[in-house]
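# Take a look and give me a structure for this.
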Amino acid sequence: EAIAAAEPVERVVAADEPRLDRIAQAFALVVDAKSTFTYQHSERVAAVSDAIATEMALPGAARVRLRRAALLHDIGKLSVPNRILDKPGTLEADEWVVVRTHPYFTYEILARVPVFSEFAYDASCHHERIDGRGYHRGVPGEALSPSARILAAADIFDALSAARPYRGPMPLEQVLEIIGEGRGTQLCPATVDALFAAAAQNSPALVAQE
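Here you go, the predicted model:
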């Protein structure tokens, strides 16, 4: 408090809405720069999330929070060593343990920032499943908000669409087929339906992934 009180008034910068967006985007760039295989991943997840949210008619304020959550959902991945992220082969059991902790760190980081704490839980649920078999919490679908469900679908969509150390990018048709197989078990049916509707309308956020 003493340090804050000593700060020159003219140096104080208000965290208005546009500035918060720029901060979230800046951190997304830092996170995605960690690996060549995650370049622009957070931006793409944010774009796909917004396309789904549009189909589901989420209100404007919820879409703003969702976009910021999408941009920052992988900030916990900074805790994962590149030797694991960029590994071209199958991960060992102990390596999977490390990978599966990154949503935990996403929550721990965002929850400590007052302006981001309101979506910290949703951002950290991007690997949860509606059947309760996801990670890191393993909570059932009832515990997942519409935003968390959208993030889960958007994250999977981009992960399948982009190149990975062990495979190339998948075509849109194959991506949608895999996502459709997870409808009702891994992913929320309404969210999957909205994603398919966006794809049917050639949403730039989805078509540009190819």
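# Where do the helices of the protein begin and end?
For the chain, the helices defined by DSSP state H cover 2-6, 17-32, 41-55, 60-72, 82-85, 93-99, 102-110, 120-123, 146-161, 172-181, 189-200, 204-207.
# Only the buried residues of the second one, if you could.
Of the residues in helix 17-32, those buried by neighbour count under the rule 16 or more other C-beta atoms under 10 Å are Ile23, Ala24, Gln25, Phe27, Ala28, Val31, Asp32. C-beta here means a position set from N, CA and C on the backbone, and glycine is covered the same way.
# contacting residues around the first one?
Same thing as Ile23. Residues in contact with Ile23 (C-beta atoms under 8 Å, 6 or more residues apart in numbering) are Ala15.
# same deal with the one 5 residues further on?
Taking C-beta under 8 Å, 6+ apart as the contact definition, Ala28 lies against Ser42, Glu43, Ala46, Leu71, Leu72.
# how about the helices of the chain, which one is nearest Arg137?
helix 102-110 (8.0 Å; C-beta to C-beta).
# Not counting its own residues, what contacts that closest one?
72-80, 116-117, 119-121, 123-127, 135-137.
# CA atoms only for it, dumped as CSV, please.
Only the C-alpha atoms of helix 102-110 are listed here, as CSV (Å, rounded to 0.1, in the frame of the first residue of the first chain):
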residue,chain,number,x,y,z
HIS,A,102,-1.1,-26.9,-17.0
PRO,A,103,-4.8,-26.1,-16.5
TYR,A,104,-4.1,-26.0,-12.8
PHE,A,105,-1.5,-23.4,-13.3
THR,A,106,-3.7,-21.4,-15.7
TYR,A,107,-6.2,-21.1,-12.8
GLU,A,108,-3.6,-20.3,-10.2
ILE,A,109,-2.2,-17.5,-12.4
LEU,A,110,-5.4,-15.9,-13.5
